[in-house]
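Need the 3D shape of this:
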Amino acid sequence: MANEQTKTASGSTDELAPGLSAGTEDQAQAHDDQTSGDNGGQYHANADVGGGASAGVDARAKGSLGDGAGDNACAHVDVYVTAHAGAGGSVGKDGVAAHGGAVAGYGVEADTSAGVHDGRSQVNVSTGATIGPEIGADGSAHATIKDGVLSVGIKGAVAAGLGLKGDVDIDLDTRPIVKSLNDAWDKTFGKL
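Here you go, the predicted structure:
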């Protein structure tokens, strides 16, 4: 059973310079979600309930490093109220993932993120802080491989008046590495 209602109002997004934009967004939501099942060899189960509202501003920049590579950065500030709790996970042929936590309160949040990519491989890192009467903790982790892309990530947040959060995600296309190792083996030992 899943029931989710989200109302979002986006303000203007202005391009301040090539590759640099700024905008605003207001959001209110309420949701409850209980799911489980088998999805193509990946079993999952989740139970979440919560609601909240926020208003924020952000600035984004992105660039090209040539040859299909690029980078991006974002800074965001929100004023929010939230209450949510949940847990879940999945396991199967593609890997494992799990999440859980509960948070309630309101405050001001500021966060930044940055990333680089080269084709199908990418690294994204974000960090942030909150201040306000909020208490709780959230966390998640995953390790999967699908279509030759290894994805590993960990995310965590803890709040007790002052909150801190961090997120690291790495996606690595293993196919060029495997091909290089196979080519080196073949050159050294010949094809078996």
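
Run through this structure and note the low-pLDDT ranges.
1-24, 191-192 (pLDDT under 70).

rerun that using 80 as the cut-off
Across the chain, the ranges flagged by pLDDT under 80 are 1-34, 38-42, 67-68, 119-120, 161-162, 190-192.

which stretches of it form helices?
175-189 (DSSP state H).

how far away is T188 from R175?
20 Å (Cβ to Cβ, to the nearest Å). C-beta here means a position set from N, CA and C on the backbone, and glycine is covered the same way.

The two: which is more packed in?
Remark: of T188 and R175, R175 carries more neighbours, 12 against 7, as counted by other Cβ atoms under 10 Å.

what's stretch 114-131 in contact with?
Outside of stretch 114-131, the residues within contact range by Cβ atoms under 8 Å, 6 or more residues apart in numbering are 65, 67-74, 107-113, 149, 159, 161-173.

For PyMOL, write a command that selects the buried ones of these.
To isolate the buried subset of those in PyMOL, counting by 16 or more other Cβ atoms under 10 Å, use the following:
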select buried, resi 70+72+74+107+109+111+113+159+163+165+167+169+171+172+173
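
What residues of stretch 89-109 count as buried?
89-90, 94-95, 97, 99-101, 103-107, 109.

I'd like the distance from that stretch to the chain centre, please.
10 Å (Cα atoms, centre = their mean, to the nearest Å).

same thing with stretch 60-79?
The answer for stretch 60-79 is 15 Å, by Cα atoms, centre = their mean.

G56 - nearest residue in space that isn't next to it in sequence?
For G56, ignoring the flanking residues on the chain, the nearest one in space by Cβ to Cβ, 6 or more residues apart in numbering is D78 at 3.6 Å.

One more: G50?
H84 is the one closest to G50 (Cβ to Cβ, 6+ apart), at 2.6 Å.

Just give the number of residues close to the one you found.
Neighbours of H84 (other Cβ under 10 Å): 17.

What residues are bridge-paired with it?
With DSSP bridges as the criterion, H84 is bridged to G50, V103.
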